[in-house]
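>>> Here is my input; please provide its structure:
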Amino acid sequence: MIYTLTVDSISGKYWHHNCIRVIEIGEYASLNELHYAIRVAFGFDCDHLYALYAGRNPSNLKIIFGDAESWEEREKNNSNIPLNQVYPLPKGLMLYYLFDFGDRWIFKIKRSRKLKEFDPTVRYPKIVESHGANPEDYPRNENE
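Here you go, the predicted model:
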């Protein structure tokens with residue numbers, strides 16, 4: 001099955017406007033694959049750590065997926081957690097993606113209840129909708 005995820009940028013150091021991407025991704029895709037899909041969808045470089053967690057709001061962490069002592073362990077854990085083990089989330093919780101622990105880019109991820117059949121002719125993950133310009137990961141200095 002294919003999940004349809006609406007990923008909404010809700011905050012970050014240089015956040016100025018809402019930016020939403022709708023991504024189709026397989027139910028067996030790992031959390032690392034979801035991280036990659038979101039990073040690409042929003043045009044961010046791959047030079048920062050990330051975390052996926054569930055909570056009632058972005059500052060209310062209830063479940064931290066792939067949590068480990070070292071980044072290498074967390075990345076390995078996230079490679080072994082498929083989305084179908086994350087969904088459905090416990091009632092009242094939302095999935096969040098934190099990218100870059102310094103600039104704290106936070107994205108809210110909402111899964112559509114409607115599942116799609118896997119289409120072998122489509123390459124997943126796939127961006128199916130895009131609203132708003134990409135946020136600036138590294139804005140240019142106006143004095144340059």
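>>> need the strands for this protein, in chain order.
Secondary structure of the chain (DSSP state E): strands located at 2-11, 19-26, 50-55, 61-64, 94-99, 105-111, 126-131.
>>> now the ones you listed as CSV including mean pLDDT?
Below are the strands of the chain laid out as CSV (pLDDT from 0 to 100):
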stretch, mean pLDDT
strand 2-11, 94
strand 19-26, 97
strand 50-55, 90
strand 61-64, 82
strand 94-99, 92
strand 105-111, 94
strand 126-131, 95
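>>> I'd like those strands as a markdown table, with distance to residue 120 appended.
Just so you know, the C-beta spots here come from the backbone N, C-alpha and C atoms, and that holds for glycine as well. Shown next, in a markdown table, are these (distance: least, C-beta to C-beta, whole Å):
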| stretch | distance to residue 120 |
| --- | --- |
| strand 2-11 | 11 |
| strand 19-26 | 11 |
| strand 50-55 | 27 |
| strand 61-64 | 33 |
| strand 94-99 | 27 |
| strand 105-111 | 22 |
| strand 126-131 | 13 |
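>>> Looking at these, spot the one closest to residue 118.
strand 2-11 (5.7 Å; C-beta to C-beta).
>>> Now do the buried residues in the closest one.
2, 3, 4, 5, 7, 8, 9 (16 or more other C-beta atoms under 10 Å).
>>> Outside of it itself, list whatever touches it.
The contact list for strand 2-11, computed with C-beta atoms under 8 Å, 6 or more residues apart in numbering, reads 15, 18-27, 34, 38, 41-42, 58, 83, 87, 97, 104-112, 114-119, 124, 128, 132, 135.
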